[in-house]
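Engineer: Please work out how this folds:
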Amino acid sequence: MTEHQTLLDAAIKAAQLGGEVLNRYLNEGVQMRDKSSAGGKTYDLVSDADLDSEKAIGEYLGNQFPNHELLGEEDLDGDVNADHLWVIDPLDGTNNYAHGIPHFAVSIAHYHCGKPTVGVIFNPARNDLFTAAENQGAYRNGQQVKVCDSDSLAQTLVGCGFYYDRGAMMRSTLNAVEEFFGHDIHGIRRFGTASLDLCQVGCGQFGAFFEYQLSPWDFAAGRLFVEEAGGRVTDGRGGPLPLEMSSVVASNGQLHEIAIDITARHHPSTKPSDS
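Structural biologist: Numbering: from 1, shown residues only. Below you'll find the predicted structure:
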């Protein structure tokens, strides 16, 4: 068994363990709590499901790879400069989860010396598994997938996401959406789970996807999935995607320059506010 396969198998198992936790809480009832608030209005939620999912994933990967670092959304603060780093989102799409919408995921990626080697995104509500390994392609439930072959935005759907900020960043996103519509796209879709949005690019359902602020656990696995499906992923100005909070643009590759032209023009130049 190759090292990539060993890592991929472990990532799949860890994602399934996290997914079992999420399904159990969803079936038994889950209480959401405020993670952060702004101006008395809460947009960012967390629950015991998030925490217990991350704990299950962290314990499994920690036992399998005791010398690897673990970076997660909730309590795992591994060194991003480590040779071997797992980047974990125990529940992507928390607001969907809170409202009983079965469009959420566990996202797990392994990075070696700053480069993604394997990525797994798992929607436990639909038993939908997306996997990718470096130089080995992207797969949905075992079937290889590719990005769409459209060379015009007018032939595609475009996905987008909104950060919790309801001020300047929201307006930047809406301005970019308006310009995308000016290219006669088939439509805009906003599903609220960035890891799955990236999978939709990789599966050829979206020609492009953008969001102006995502954390590394939101995109670490999905980035590799898109790239292994033949697409391209950068930050919102077309630069290399860092393993830190960043804007993200993903596309089938052919549409990347025109997508970047739009997202860069409306890219927020200041920190998010709620004014």
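Engineer: how about low-confidence regions in the protein?
Structural biologist: Residue ranges of the chain with pLDDT under 70: 1, 30-46, 164, 270-275.
Engineer: what about Leu198, how many neighbours?
Structural biologist: 34 (other C-beta atoms under 10 Å). No exception for glycine: its C-beta is placed from N, CA and C like everyone else's.
Engineer: the helices in the stretch 1-150 of the chain, which residues?
Structural biologist: Assigned by DSSP state H, counting those that start in this stretch, the stretch 1-150 of the chain shows helices spanning 3-28, 48-64, 94-98.
Engineer: could you give the angle of the first one to helix 48-64?
Structural biologist: By that I understand helix 3-28. Helix 3-28 and helix 48-64 are oriented at 150 degrees to each other (axes from the mean of the first three to the mean of the last three C-alpha atoms, to 10 degrees).
Engineer: Mind giving me the packing neighbours of helix 3-28?
Structural biologist: Here helix 3-28 touches helix 48-64, strand 84-92, strand 105-112, strand 115-123, strand 128-133, going by 3 or more C-beta pairs under 8 Å, 6 or more residues apart in numbering; DSSP states H and E.
Engineer: of those, which approaches Glu20 most closely?
Structural biologist: For the helices and strands packed on helix 3-28, the distance to Glu20 is smallest for helix 48-64, at 7.6 Å, taking C-beta to C-beta.
Engineer: How about the contacts made by the residue positioned nearest the centre of the chain?
Structural biologist: For the chain, the residue nearest the mean C-alpha position is Ser195 (2.6 Å; C-alpha atoms, centre = their mean). Going by C-beta atoms under 8 Å, 6 or more residues apart in numbering, Ser195 touches Asp89, Asp92, Gly93, Ala105, Ser107, Ile121, Asp218, Phe219, Ala221, Gly222.
Engineer: Around the fifth one, count how many other residues there are.
Structural biologist: For Ser107, the number of neighbouring residues by other C-beta under 10 Å comes to 33.
Engineer: Run through the bridge partners of it.
Structural biologist: Legend: beta-bridge partners of Ser107 under DSSP bridges are Asp89, Ile121.
Engineer: Next, work out how far apart it and Ser215 are.
Structural biologist: Separation of Ser107 from Ser215 (C-beta to C-beta, to the nearest Å): 11 Å.
Engineer: All the helices of the stretch 151-275 of the chain, in order from the start?
Structural biologist: Taking DSSP H, counting those that start in this stretch, the helices of the stretch 151-275 of the chain run over residues 168-181, 194-202, 216-228, 256-265.
Engineer: ok, and for the first one, which residues are buried?
Structural biologist: Along helix 168-181, the positions that meet the burial threshold by neighbour count (16 or more other C-beta atoms under 10 Å) are Ala168, Met169, Met170, Ser172, Thr173, Ala176, Val177, Phe180.
Engineer: wouldn't the fourth one be in contact with Tyr212 here?
Structural biologist: Yes: in this structure Ser172 lies within contact range of Tyr212 using C-beta atoms under 8 Å: 5.9 Å.
Engineer: Need the residues touching each of the two.
Structural biologist: His267, Pro268.
Engineer: Throw the helices of the stretch 1-150 of the chain into TSV and include distance to Gly207 and mean neighbour count, thanks.
Structural biologist: TSV is the format used below for those (distance: least, C-beta to C-beta, whole Å; neighbours: other C-beta atoms under 10 Å):
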stretch	distance to Gly207	mean neighbour count
helix 3-28	27	19
helix 48-64	32	20
helix 94-98	23	20
